[in-house]
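Trainee: Here is a sequence together with a model predicted from it:
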Amino acid sequence: MRVKALEARLKRLVRRDPLLRAAGAASRETGVPLWLVGGLVRDAALGRRAQDLDLVAGKGARRLVRALESVWARRLFRFRKRGVTTWRTTVAGRSVDVVDASRRGLSGDLERRELTINAVAFEITRGRLIDPLGGLGDLRAGKLRLPRAGVLAEDPVRVLRLTRFLATIPGARLSPAAKREALAAAPRLRRASAERIRDEIDRLLCSAAPALGLAAMTELGLLEPAVPELVPLRTCPAGEGRPDAWAHTLRALALAARPGHLPGAAAARDPEGARVLRWAVLLHDIAKPETFRRAGDGRPTFHGHEVVGSRAAERLLRRLRAPGALRRRVSRMVLFHLRPHHLADAGAPERGLRRLVREAGPDLPLLVLHAACDAQASGAPDAAARWRRLRPLLLALLRTHRDSLISPLPRLVAGDDVMRALGLAPGPEVGRVLRELRELQEQGTIETREQALRYLASRPAAV
C-alpha cells in the first residue's frame with residue numbers, strides 16, 4: 001500500500017477507534033507527541049486488522065500517561081527493560097503499551113525494533129507516516145530486514161519472532177544479513193525464559209501458515225534450543241513407506257490451519273479450539289522416536305505412542321508453563337488421537353462410537369478434525385484407502401456427538417446410590433461403576449432408575 005493511501009486508512013482508524021481517539025485527545029491536551037507504531041501500522045498496510053496498541057510518546061511521556069490513566073480510569077503498570085521504560089495496561093480486552101522515547105526520540109525508538117517493517121510510525125495528531133528505515137518498501141517486497149546490526153543478539157527471542165513473520169506475511173523472506181544474525185543468535189535462545197518461548201511458539205502456531213514458521217525454525221537451528229523434545233522427530237519414520245515424523249507433523253499442521261471441508265472443520269473457527277488443535281497436532285507423534293521398534297518383517301511400529309506421547313506432551317507444556325486447561329486438553333487429544341483410526345479399522349462399532357463421544361466430551365469435533373488432518377497428511381501408500389474407511393466414521397462421530405447434545409441421556413443414579421448399593425467408600429471405583437452404568441444405558445440395556453438400582457443390587461462390590 002502506498003503512503004497516502006495508508007495515511008488515509010490510519011486516519012479513518014483513529015476516528016473510529018475509541019482507544020486511539022482518546023490517545024490522540026490526550027496528546028493534544030498535554031502537548032506530548034504521540035506515535036502509533038508496530039503491528040497495527042504494519043497490519044493496516046497489509047489490509048489486516050489488529051487490536052493491540054503500541055504507542056511511542058515523546059518528551060513529557062509521564063504527563064501523557066497520567067492523562068490516559070484519567071481517561072481510562074485505570075493505572076498503567078510501569079516497567080523498564082533494556083533501558084526502555086514502558087507503561088502497560090489492558091482496556092476493553094486490548095493490550096496497550098506506551099513507550100517513553102523522551103530521551104532517544106522517535107528515530108532511536110524505531111531503530112531498536114527487530115525489523116524495519118515494524119519500525120514505521122504514524123503521528124496520531126498530525127495524521128502522517130514516518131518511515132526513516134524504509135519499512136513500507138520492505139513490506140511491499142516481503143523482505144524481513146534488520147534496522148541495525150546486533151538487534152537479534154540483544155534478545156534472541158526475536159529470532160523466534162522472525163519465524164512468525166515468515167508464517168504470517170505472504171512470500172516473506174529473510175534478508176541475507178538477517179539470516180546470518182539469526183543463525184548466530186539461535187543458540188542463545190536456551191537462556192530465554194520458558195514463558196517467552198511458549199508465547200512466541202503459541203503465536204506461531206495460531207498464525208496463518210504455522211508449518212512455514214516451524215520449517216524456518218528448523219532451518220535457523222531454533223528447534224533444539226526452544227523445544228528439544230521435538231528434534232528426534234526429524235530422523236524418525238512416521239510409518240512404513242512414509243516420510244519422517246517431522247515432515248508429517250508439518251503437513252498435518254498446514255491442514256489444521258486451512259482445513260477446508262474436512263470433517264470437524266467448523267470446530268477450528270473458535271480461536272481457543274484452534275489453539276488446542278494446533279498444539280495437539282504439533283505434539284501428537286512426540287513419542288514415536290521413543291516407541292519406535294522394528295517388527296519381524298522389518299516394518300516400523302510405535303506401540304503405545306499415544307499413551308507415552310500424552311505424558312510427554314503434558315511434560316513439555318508444563319516446562320513451557322502453559323496454562324493448566326491447555327495442558328489437559330492437548331494431552332487428552334494426544335491420548336485419544338488414534339481412537340478414530342482404530343474404530344474405523346474395527347468397522348465403526350456403535351458402542352465404540354458412543355464411548356469415544358462420551359470420553360472426548362466437548363473436544364470431540366476437534367478430535368475428529370485432528371484425525372482428518374493426521375490421515376490426510378499421512379503420505380502412506382494406502383492413505384487413500386484408509387481415508388475412504390475413516391471419513392464415514394468421522395462423520396458418524398460428529399452425528400453421535402450432535403445427537404448427544406440435542407437429547408442427552410438422563411442421569412439415572414448418583415455416586416451416593418453406588419456407594420450404598422455396593423458398600424463403597426468415596427474413590428475412583430465409584431466413578432468406574434458410574435461409567436459402566438452409562439455404557440449400559442447407551443446400549444439400551446438399562447433405561448430407568450429402577451433398572452439401574454436392580455443392576456447395582458445384583459452386582460458384586462468388587463470388580
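Mentor: Okay, I see it. Residues are numbered from 1 along each chain as shown.
Trainee: For residue 96, see how far away residue 68 is.
Mentor: 8 Å (C-beta to C-beta, to the nearest Å). No exception for glycine: its C-beta is placed from N, CA and C like everyone else's.
Trainee: Also residue 131?
Mentor: From residue 131 to residue 96 the distance is 23 Å (C-beta to C-beta).
Trainee: Any idea how many residues pack against residue 104?
Mentor: When neighbours are counted by other C-beta atoms under 10 Å, residue 104 registers 15.
Trainee: if I pick it, what's in contact with it?
Mentor: residue 112 (C-beta atoms under 8 Å, 6 or more residues apart in numbering).
Trainee: Local confidence estimate at it?
Mentor: Note for residue 104: predicted pLDDT of 86.
Trainee: likewise residue 386?
Mentor: Reported pLDDT for residue 386: 92.
Trainee: just checking, it touches residue 380?
Mentor: Yes. With contact defined as C-beta atoms under 8 Å, residue 386 reaches residue 380; the gap is 7.1 Å.
Trainee: counting contacts, what elements does the worst-scoring helix or strand of the chain on mean pLDDT pack onto?
Mentor: None of the helices or strands of the chain scores lower by mean pLDDT, DSSP states H and E than helix 428-443, at a mean of 82. Contact here means 3 or more C-beta pairs under 8 Å, 6 or more residues apart in numbering; DSSP states H and E; on that basis helix 428-443 packs against helix 350-360, helix 415-422, helix 449-458.
Trainee: Those helices: which one's closest to residue 235?
Mentor: With distances scored as C-beta to C-beta, the stretch of the helices and strands packed on helix 428-443 nearest to residue 235 is helix 350-360 (31.9 Å).
Trainee: Residue 36 versus residue 136, what's the distance?
Mentor: To residue 36, residue 136 is 14 Å away according to C-beta to C-beta.
Trainee: Give me the more crowded residue out of the two.
Mentor: Ranked by neighbour count (other C-beta under 10 Å), residue 136 and residue 36 place residue 36 first, with 25 against 20.
Trainee: Which residue, neighbours along the chain excluded, lies closest to that one?
Mentor: Distances taken as C-beta to C-beta, 6 or more residues apart in numbering place residue 122 nearest to residue 36, at 4.5 Å, with adjacent residues excluded.
Trainee: Next, the residues that contact the helix or strand encompassing residue 122 from outside, please.
Mentor: Residue 122 belongs to strand 121-123 when assigned by DSSP states H and E. Contacts with strand 121-123, where a contact means C-beta under 8 Å, 6+ apart, come from 7, 10, 33-37, 41, 56, 106, 110, 128-131.
Trainee: so how far is it off the chain centroid?
Mentor: 31 Å (C-alpha atoms, centre = their mean, to the nearest Å).
Trainee: in its sheet, what does that strand sit against?
Mentor: strand 34-37 (antiparallel), strand 128-130 (antiparallel) (DSSP bridges).
Trainee: Output the helix or strand following the first one in CSV with nothing but the alpha carbons.
Mentor: Scanning the chain past strand 34-37 towards its C-terminal end, the next helix or strand to appear is helix 39-45 (assignment: DSSP H and E). Extracted C-alpha coordinates of helix 39-45, given in CSV (Å, rounded to 0.1, in the frame of the first residue of the first chain):
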residue,chain,number,x,y,z
GLY,A,39,1.9,-4.3,14.5
LEU,A,40,-1.1,-2.1,14.0
VAL,A,41,0.6,0.1,11.3
ARG,A,42,2.1,-3.0,9.6
ASP,A,43,-1.2,-4.9,9.6
ALA,A,44,-3.1,-1.8,8.3
ALA,A,45,-0.6,-1.7,5.4
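Trainee: Tell me the spacing between residue 260 and residue 333.
Mentor: Relative to residue 333, residue 260 is positioned 20 Å away (criterion: C-beta to C-beta).
Trainee: what about the two, which has more around it?
Mentor: Set side by side, residue 260 and residue 333 show more neighbours around residue 333, with 24 against 8, by other C-beta under 10 Å.
Trainee: my guess is residue 76 contacts residue 85, does it?
Mentor: No. Counting by C-beta under 8 Å, residue 76 stays clear of residue 85, with 11.2 Å between them.
Trainee: tilt between the longest helix along the chain and helix 350-360?
Mentor: When the chain is parsed with DSSP state H, its longest helix is helix 383-406. Helix 383-406 runs at 70 degrees relative to helix 350-360, counting by axes from the mean of the first three to the mean of the last three C-alpha atoms, to 10 degrees.
Trainee: Can you pull out the residues in contact with helix 383-406?
Mentor: 263-264, 340-341, 343-345, 348, 353-354, 356-358, 364-365, 367-368, 371-372, 375-376, 378, 380.
Trainee: which ones among those are found in helices?
Mentor: Counted as lying in helices by DSSP H, out of these, are 340-341, 343-345, 353-354, 356-358, 364-365, 367-368, 371-372, 375-376.
Trainee: Following the chain onward from the strand or helix carrying residue 70, which element is next?
Mentor: Element membership for residue 70, per DSSP H and E: helix 61-72. Moving toward the C-terminus from helix 61-72, the next helix or strand (DSSP H and E) is strand 77-81.
Trainee: other SSEs contacting that following strand?
Mentor: strand 84-91.
Trainee: quick one: the strand it packs on to chain centroid distance?
Mentor: For strand 84-91, the distance to the chain centre is 24 Å (C-alpha atoms, centre = their mean).
Trainee: buried stuff in that strand?
Mentor: 85-87, 89, 91 (16 or more other C-beta atoms under 10 Å).
Trainee: How about stretch 72-79?
Mentor: Quick answer for stretch 72-79 (16+ other C-beta under 10 Å): 72, 76.
Trainee: count of neighbours near the closest residue in space to residue 340 that isn't next to it in sequence?
Mentor: Leaving aside its chain neighbours, residue 340 sits nearest to residue 371 (4.0 Å; criterion: C-beta to C-beta, 6+ apart). Number of residues near residue 371 (other C-beta under 10 Å) recorded here: 27.
Trainee: and the angle for the longest helix of the chain with helix 428-443?
Mentor: Using the same axes, to 10 degrees: helix 383-406 against helix 428-443 is 100 degrees.
Trainee: Show the contacting residues for residue 94.
Mentor: 19, 51-53.
Trainee: Check pLDDT for these and point me to the minimum.
Mentor: residue 51 (82).
Trainee: Phi first, then psi, for the residue nearest to that residue when sequence neighbours are not counted.
Mentor: Distances taken as C-beta to C-beta, 6+ apart place residue 94 nearest to residue 51, at 4.9 Å, with adjacent residues excluded. Torsion angles at residue 94 (phi, psi; degrees, to the nearest 10) stand at phi -110, psi 140.
Trainee: go on, residue 30?
Mentor: According to degrees, to the nearest 10, residue 30 has phi -90, psi -20.
Trainee: neighbours of it, just the number please.
Mentor: 19.
Trainee: Would you quantify the distance from it to residue 452?
Mentor: From residue 30 to residue 452 the distance is 71 Å (C-beta to C-beta).
Trainee: Assumed residue 54 was part of a strand.
Mentor: Yes. Assessed by DSSP: H, G, I helix; E, B strand; the rest coil, residue 54 belongs to a strand.
Trainee: Many thanks, have a good one.
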